[in-house]
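# Okay, sequence plus prediction incoming.
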Amino acid sequence: MSLVEISQHDEVIYSILDKPPPEPPKTPRYESKLERELKERKIPQLRLTFGYAETPLKTPDKFLRKGEGIGQPRKKSDHKCVVSSNLPPVPERPPPGKKPEKPKINFKVVNIKKAIKTKGKPVEPRLVDTRDGHIKKIKGSGEVPEYCLRPDFGKMPAYLVKRNRRIQRELEKIKHAEENRESLCKQVSEEERQKLLEDLKHNWQLMQKAFLQLPMLTDTIPKILKKTKMEQELRQLEKDIALIESNPFIYIYD
């Protein structure tokens, strides 16, 4: 058995393997000629930023002066002041005159006269009910009758008098309306009575003719019900005709 010692060699395994086929070249990307012209003609602009990190302060000599602030805009008006030479003259100032003298009043005399004519305050009646001098007003204490001496004692209150008068007027209106109310009963004239009687007889004839045309054999329920109904209507017409013929005077209520 022999050993082969290889200390130096430049053999690479990747060179032995087959290499993949090369990728086909890509087609050139479409580029508009107009876009290229616009880029060439574009004016360079300053880049916009978020502003200063800290707002720089103005120098002391650049303070806000009068008339430099933001004021309210003046409203424009279409009014034009027309100045003509035919204006009236300015009225002259009246000449200074003496002020009217105020009458001199002696307030002392006036106060003395008022004090003489003023009546004294009436003394309120009081009651001393203890030896220590406890004072109690008589008015409202119940010691002297007051309520029974009032001018309106035992009289009906004014609101009850007004209510009774209003109720009396309503009752009189109702009584007057009942007395002058027209009668609801009305007498039927002879012409209307004869016309009503003729109409009832005509209806009876039509009903009698329809009844006679019914089949003789009533073997079904509808036939029986129809015949029974027509018999009831004929009886009712006969009753109405007999009632009108037996009563020459007929009254009706509206």
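Sure thing, it's come through. This structure is a prediction, so every number in the text was calculated from the model and none was measured.

# could you say what helices and strands the helix ranked longest in the chain packs with?
Longest helix in the chain by number of residues, with DSSP state H as the criterion: helix 221-246. Other helices and strands packing on helix 221-246, by 3 or more CB pairs under 8 Å, 6 or more residues apart in numbering; DSSP states H and E, are helix 190-212. Where C-beta positions appear, they are placed from N, C-alpha and C, glycine not excepted.

# Okay, now the unreliable bits of the stretch 151-254 of the chain?
254 (pLDDT under 70).

# Count the neighbours of E198 for me.
10 (other CB atoms under 10 Å).

# Actually, V82.
Neighbours around V82, by other CB under 10 Å: 5.

# Same question for the one 10 residues further on.
Under the neighbour criterion other CB under 10 Å, E92 is assigned a count of 6.

# cool, and L196?
Burial of L196 is recorded as 15 neighbouring residues (other CB under 10 Å).

# K227 now?
If we define neighbours as other CB under 10 Å, then K227 has 14 of them.

# again, but for L225
A count of nearby residues for L225, using other CB under 10 Å, gives 11.

# ok, now how distant is it from T218?
9 Å (CB to CB, to the nearest Å).

# quick one on the thing from earlier: in the longest helix of the chain, which residues are buried?
234, 237, 241, 244 (16 or more other CB atoms under 10 Å).

# and which of the residues you listed is nearest P145?
I244 (81.7 Å; CB to CB).

# I figured the closest one was touching R193, is that so?
Yes - here I244 reaches R193: they are 6.5 Å apart, a contact under CB atoms under 8 Å.

# So for those two, which residues contact both of them?
The contact sets of I244 and R193 overlap at I250 (CB atoms under 8 Å, 6 or more residues apart in numbering).

# what about the helices in the stretch 51-200 of the chain?
Using DSSP state H, counting those that start in this stretch, the helices of the stretch 51-200 of the chain run over 107-117, 158-179, 190-212.

# Please work out which of those helices is packed deepest.
Between those, helix 190-212 has the highest mean count of neighbours, a mean of 13, where neighbours are mean count of other CB atoms under 10 Å.

# Please name every helix or strand in contact with it.
Looks like helix 190-212 contacts helix 221-246 (3+ CB pairs under 8 Å, 6+ apart).

# How about residues contacting stretch 103-110?
By CB under 8 Å, 6+ apart, stretch 103-110 touches no other residue.

# Could I have the CA atoms of it written out in CSV?
What follows is stretch 103-110, C-alpha atoms only, in CSV (Å, rounded to 0.1, in the frame of the first residue of the first chain):
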residue,chain,number,x,y,z
PRO,A,103,-85.3,131.7,44.0
LYS,A,104,-83.9,131.8,47.4
ILE,A,105,-85.6,129.3,49.8
ASN,A,106,-85.3,129.4,53.5
PHE,A,107,-85.3,125.7,54.3
LYS,A,108,-85.4,126.3,58.0
VAL,A,109,-88.8,128.0,57.8
VAL,A,110,-90.1,125.3,55.5
